[in-house]
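> Provided below are the primary sequence and the corresponding predicted coordinates.
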Amino acid sequence: MNDSPWAAEPVAAGPAYDALVGPQTRPMPIVPDAAGRDFDDREARDRGAAADGGPPFRAEMPPQEPMPSPPPPPSQAPQDASPPPPKKRAGRDLRAAIGVGVGLGAVIFASLFVVKAVFVGVIVVAVVVGLWELTSRLQEKKGIKAPLVPLAVGGAAMVIAGYVRGPEGAWVAMALTALAVLVWRMTEPPEDYLKDVTAGVFAAFYVPFLATFVAMLLTADDGPQRVVTFLVLTVVSDTGAYAVGWRFGKTKLAPRISPGKTREGLFGAVAFAMVAGALCMEFMIDGGAWWQGLLLGLAVAVSATLGDLGESMIKRDLGIKDMGTLLPGHGGIMDRLDSLLPTAPVVWLLLAAFVGTG
């Protein structure tokens, strides 16, 4: 006998036994046959079934699930079904950019050499659209509501006054525009008043006032040639910076503001602009000299780079890539004026010092 306390008590056959070990494992009772031999009920059932001509009886076993067949060996090494990575594409549509650039150039040159007043109208349109883009982005991204109506009216008046009355007219129009911004904003609740009017005065100075110097370049006898010099030097500076920076650029110029600009690109802008400036002053500007063009090209390269960095700073603060989508392949008007606006007063001032304003 097993006297260990861990041994289980015997369980009598019956319902409790069936519940514990299952009905199929329950021992069959022993019964005697006619000759007095003992055999269990299972043997009796087998013999009885055989006597009747049927198959011997066996306890039914629970059905078993078939074993899964092993997968066939691969005929070849597995191949990566993932699609190939997409090819890199340029950030802008080059064809659209070239087409829009050619169209803008045609409008500018046609208005410059046909009727000067038409070119003043082109400046006014560019100023108004630029102000709309700037104020819209300020409101969308920062909640700053710089009043557009006084800025647009004052900006147009600023450009026309600069063309008609010169620097004095431009300064007076600038002061009146700033006053109009202060008064216009008073019609709304006082919350954020200081922030809104500060942004409005900044927009008035940044876009229309700086653009006024382009109109003042036009007032000279060789005004169209001066405007072309201003445009050519700015474009050549940007092109030289891109070409040299793309080929040789290694040292970042201002990585926190514009990671794509390099010091080598700046040197390329200076070199290209100085050569173009010497040619323009020698052959396009009345009374100009090549050495003056070298200084002019150097100043344009610096001012154009600073203007580009300045707008990049604004766009990074706003969290946007472009100021607008009006010009396919270029972005918005302000994305094309970024280097032109701060360069205009520099070119006007140096040309006035070298050859006068007449």
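Okay, I see it. Computed from a prediction, not measured in an experiment: that's the story for all the values here.
> remind me, longest helix of this structure?
Counting residues, the longest helix found in the chain (DSSP state H) is helix 290-318.
> quick one: buried residues of that helix?
For helix 290-318, burial by neighbour count (16 or more other Cβ atoms under 10 Å) applies to 292-305, 307-312, 314-315, 318. In short, each C-beta sits where N, CA and C put it, glycine included.
> what distance separates it from the centre of its chain?
Chain-centre distance of helix 290-318: 23 Å, with Cα atoms, centre = their mean, to the nearest Å.
> Now for Asp338: which residues touch it?
Gly307, Asp308, Gly310, Glu311, Ser312 (Cβ atoms under 8 Å, 6 or more residues apart in numbering).
> sorry, back to before: show me what the longest helix of the chain is packed against.
When contacts are defined as 3 or more Cβ pairs under 8 Å, 6 or more residues apart in numbering; DSSP states H and E, helix 290-318 packs onto helix 116-142, helix 223-248, strand 258-262, helix 263-283, helix 340-355.
> Could you dump those into JSON lines with distance to Pro208 added?
As requested, the helices and strands packed on helix 290-318 are arranged in JSON lines below (distance: least, Cβ to Cβ, whole Å):
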{"stretch": "helix 116-142", "distance to Pro208": "5"}
{"stretch": "helix 223-248", "distance to Pro208": "17"}
{"stretch": "strand 258-262", "distance to Pro208": "25"}
{"stretch": "helix 263-283", "distance to Pro208": "26"}
{"stretch": "helix 340-355", "distance to Pro208": "10"}
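> Nearest to Glu188, out of these?
Closest approach to Glu188 among the helices and strands packed on helix 290-318 is made by helix 116-142 (12.7 Å; Cβ to Cβ).
> Tell me the helix or strand right after the closest one.
Helices and strands here follow DSSP states H and E; after helix 116-142, the next one along the chain is helix 148-165.
> and that next one, what other elements does it pack with?
helix 116-142, helix 167-185, helix 193-204, helix 210-217.
> Give me the contact list for it.
By Cβ under 8 Å, 6+ apart, helix 148-165 touches 120, 123-124, 127-128, 131-132, 135, 169-170, 172-174, 176-177, 180-181, 183-184, 200, 203-204, 207-209, 211-213, 215-216, 218-219.
> Low-confidence ranges, the stretch 251-358 of the chain, go.
For the stretch 251-358 of the chain, residues meeting the criterion pLDDT under 70 lie at 329-330.
> my bad, the stretch 51-200 of the chain
Where the stretch 51-200 of the chain drops to pLDDT under 70, the residues are 51-94, 96-97, 100-101.
> picking up where we left off before, so which of the helices and strands packed on helix 148-165 is the most packed in?
helix 210-217 (a mean of 25; mean count of other Cβ atoms under 10 Å).
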